[in-house]
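In: Predicted model, plus sequence, below.
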2 protein chains.
Amino acid sequence: MPLSDFYSPIAQAMEQNPLRPNWAMQRPGLISLAYGFPDAASFPYQELAAAAARLMADRTADALQYGPVSGPEPLRRFLADWVNTTEGLDVGPDNIMITSGASQGIALAARLLTPPGGTVIVESPTFIGALWFLRGLGIDVAGVATDGQGIVPADLRRVVLGLRRRGADVSLVYTMPTVHNPGGFDAPVERRRELAELAHDLGLLFLEDDAYGDLIYDGERPPALYTLAGRDRVIKLGTLSKLVAGGMRLGWAVADPEDISRMCALKADSATSPFAAWVTAAYLATGALRERLPDLRRMYRARRDVMLEELAPLREVGCRWVVPSGGFFVWLRLPQGFDSEDIRARAEAQGVTYLAGHHCFADGADRRHLRLAFSYLPDDQIREGTRRLTAVLRAELAAAAAG
Amino acid sequence: MPLSDFYSPIAQAMEQNPLRPNWAMQRPGLISLAYGFPDAASFPYQELAAAAARLMADRTADALQYGPVSGPEPLRRFLADWVNTTEGLDVGPDNIMITSGASQGIALAARLLTPPGGTVIVESPTFIGALWFLRGLGIDVAGVATDGQGIVPADLRRVVLGLRRRGADVSLVYTMPTVHNPGGFDAPVERRRELAELAHDLGLLFLEDDAYGDLIYDGERPPALYTLAGRDRVIKLGTLSKLVAGGMRLGWAVADPEDISRMCALKADSATSPFAAWVTAAYLATGALRERLPDLRRMYRARRDVMLEELAPLREVGCRWVVPSGGFFVWLRLPQGFDSEDIRARAEAQGVTYLAGHHCFADGADRRHLRLAFSYLPDDQIREGTRRLTAVLRAELAAAAAG
């Protein structure tokens, strides 16, 4: 009798995350637009080595020892100052908890506020990782419509009331109102206000994932839901994965100290790597991020523009997308009747791949979308990959029109 | 209505971990024997800085980028070779998963094999962290007796059958058969064989936590339960926290590739820090651990002996302990009728503290034990702290004898 006969029902239900077996997709010749990876060439290699060297030369024991579950004070202090300055929040180090990426923040906040068997509302579409992490906790996910300005309030009301009528335990809404992944849109302030009011009406809480808020290329950053709906209604997540390096696995949660403390009690890794956190804090203390950020925005915006330029001919054959305000992705919609998962094998035969959009929906029903990452590959690869994709899609759509 | 009104029942039930608010206990004048921290003076500061410098000079993108959920291949390969050499296992890199300390391995294996509301059997006493991590997942814990040679097989049978009669979903047994924390004992090979047979009889699985197996000071390391009971029955955990540095937060699980893959699907941090993992792998690749390990064993054994020397007078007043074969702790039992939690305030008034042993029991009922760490402080502090403790306990026990 193999160990797998003992898997819990939740573990049994966890199929493979579609992004994970594709890890080998960086195979020669295939251009992958699937991964939302940051650009590796611009990682601050030298600066991080210097930060590590300083800490180790000083024999900074805290960087190599067990430490507070909420994370090192210097990093929490830096991040409190950062969100106060960049987003106008008013928090201190005790409002910050270091997490292993925003990913772990999603899981911790969900566990704080939702029992196994409970339901979390997610946007349609949503961050694929959120669906995985929530399901892995035995939490059901229910989708709510978005309209390019964020969650549609009337649909949120409909979904919540419907779920509650059927006896579901639901209060938490996972949302990315700023630079939505994969949608690429920002919810305007009026929409945020509506949602904040609705939260008070219906007794809802928001888990506000702001993974890309520092990477808005065009326009203003709207005020955080955390500010508009209030601390009693919102836990806010951020990440250094896009700003420093994904491989640090450093994110943070903003919440009241009492809630931080309770999430710490649920954190089963005794703390996010103090080594990674101290090295990163020492790097950030140099003020490097403020200098680096404009360069990052310029680089990613240029890549976005390369992709959009190559995608342009697809407008004529009925494909649609919004120009993402920032972040890493174009979210492309095929005309009615086409299936992005079906087309993927043919795209791969032509040397390009992507994330089929149905993976980003709680019910997996929408098959018309493709998530295209412009973040990871250099400009020429983005251009070549998008060209290949455009050729494949034009052929597909033209064949159908002819047939 | 504060956010805390929305806490899930599991989160509501999580009181504060007794070790966590004591973080500030490193206050001047108070000698803390509470923490199972490794010695900070012997961390390989320079070697880790050199490893980081090499990786960054080579612009090793994998060290700063998202990577495989199971962890970097070089570290998994090193650890497979390590357990094959040191424990006679026969595994490859695909049998290894990098976790954020053995802590996270406990949570992942429990989630793989036990649903929320299910029960995991733990030793009486057990690692305090395991109790916390399991409860944080909504998993019940039930204690089984140990006798200084590990789990008492007859009691395991009694507890399992009793739980099942009452309808509990129970198959997983969390155990530290080697250098038990806090007990300090090793289960001899005959006992392990008995337990392996019992597992087959009763349909039980073991989560074998081997956090201290490389730090046996005296005698031979017994064969792993993983070897004796077989891969279909055991997930085995290890950690680099004691061998390299606790602040790396690097542990590992050994299991079949299928089971590793399913645990990866449940891992909600997208991977343990690739930065910490690559730096540590580069350090380990130099062969440093093999040189360092005899020094670590000598140092910790010397500290143990300092503590045991100072504790010796307590034998006369009825205290008992086994000489720990390795690891970080002495597990001291008071005479009948004394309560280690009651005495703690008086010990702290005399400048020494410890972990009251009831925290190490699933039911918290045993109040007679103290867990005393000799790992963290230099010899003179261990000596002074143990002297203070010995004085306090002698006074307590003598007063009772007189009264």
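Out: Looks like it arrived, so ask away. Numbers count the residues shown, from 1 in each chain, chains lettered A, B, ... in the order given.
In: And for A:Phe78, nearest residue in space, chain neighbours not counted?
Out: A:Leu284 (5.1 Å; CB to CB, 6 or more residues apart in numbering or on different chains). Yep, even glycine has a C-beta here, placed from its N, CA and C like the rest.
In: okay but the one you found is in contact with A:Arg77, surely?
Out: No. Counting by CB atoms under 8 Å, A:Leu284 does not reach A:Arg77; the two are 10.2 Å apart.
In: how about the residues of the stretch 101-250 of chain A near chain B?
Out: A:101, A:103-104, A:106-107, A:111-118, A:129, A:132-133, A:136-138, A:171-172, A:203, A:205, A:231-233, A:235, A:241, A:245-250 (CB under 8 Å from any CB of the partner chain).
In: From the residues you listed, list just the buried residues.
Out: Neighbour-count burial (16 or more other CB atoms under 10 Å in any protein chain shown) applied to these gives A:101, A:103-104, A:106-107, A:111-118, A:129, A:132-133, A:136-138, A:171-172, A:205, A:231-233, A:235, A:241, A:245-250.
In: what about the closest residue to A:Phe185 other than its chain neighbours, how many neighbours?
Out: Leaving aside its sequence neighbours, A:Phe185 sits nearest to A:Gly148 (CB to CB, 6+ apart; 5.0 Å). Here the number of neighbours of A:Gly148 (other CB atoms under 10 Å in any protein chain shown) works out to 13.
In: which ones are touching A:Gly148?
Out: A:Gly148 makes contact with A:Gly183, A:Phe185, A:Val322, according to CB atoms under 8 Å, 6 or more residues apart in numbering or on different chains.
In: between those, which is nearest B:Thr272?
Out: Proximity of these to B:Thr272 (CB to CB) peaks at A:Gly183, which lies at 29.7 Å.
In: Skipping adjacent residues, who's closest to that closest one in space?
Out: Using CB to CB, 6+ apart and skipping the chain neighbours, the partner closest in space to A:Gly183 is A:Trp331 (5.2 Å).
In: wait, A:Leu112 sits on A:Ser261?
Out: No. Judged on CB under 8 Å, A:Leu112 makes no contact with A:Ser261 at a distance of 10.6 Å.
In: Next, the buried residues of stretch A:253-261.
Out: A:Ala253, A:Val254, A:Ala255, A:Asp256, A:Asp259, A:Ile260, A:Ser261.
In: Would you check which pair of those lies furthest apart?
Out: By the measure CB to CB, A:Val254 and A:Ser261 form the most distant pair in these, at 13.8 Å.
In: ok so, going back, how much space between the residue nearest to A:Phe185 and B:Ala50?
Out: 51 Å (CB to CB, to the nearest Å).
In: A:Thr119 now?
Out: Relative to B:Ala50, and taking CB to CB, A:Thr119 is found at 50 Å.
In: higher neighbour count, the two?
Out: A:Thr119 (22 against 19).
In: Stretch A:366-374: how far from the chain's middle?
Out: Relative to the centre of its chain, stretch A:366-374 is centred 15 Å away, using CA atoms, centre = their mean, to the nearest Å.
In: close to chain B, is that stretch?
Out: No. Against chain B, stretch A:366-374 shows no contacts by CB under 8 Å from any CB, the least distance being 11.7 Å.
In: Buried residues, that stretch. List them.
Out: Judged by neighbour count (16+ other CB under 10 Å), stretch A:366-374 contains these buried residues: A:Arg367, A:Arg368, A:His369, A:Leu370, A:Arg371, A:Leu372, A:Ala373, A:Phe374.
In: ok, and what's touching it?
Out: Here stretch A:366-374 has contacts from A:33-37, A:124-125, A:182, A:300, A:303-304, A:306-307, A:311, A:328-336, A:338-342, A:354-358, A:360, A:382, A:386, A:389, using CB under 8 Å, 6+ apart.
In: Just the ones in helices from the residues you listed, please.
Out: Among those, DSSP state H puts A:Tyr300, A:Arg303, A:Arg304, A:Val306, A:Met307, A:Leu311, A:Ser340, A:Glu341, A:Asp342, A:Ile382, A:Thr386, A:Leu389 in helices.
In: will you turn those into TSV that also has pLDDT, neighbour count and distance to A:Met14?
Out: Output for the ones in helices among the contacts of stretch A:366-374, formatted as TSV (pLDDT from 0 to 100; neighbours: other CB atoms under 10 Å in any protein chain shown; distance: CB to CB, whole Å):
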residue	pLDDT	neighbour count	distance to A:Met14
A:Tyr300	97	23	32
A:Arg303	98	22	33
A:Arg304	98	24	33
A:Val306	98	20	36
A:Met307	98	27	32
A:Leu311	98	19	34
A:Ser340	97	23	23
A:Glu341	95	15	20
A:Asp342	96	11	25
A:Ile382	98	25	32
A:Thr386	98	26	33
A:Leu389	98	26	30
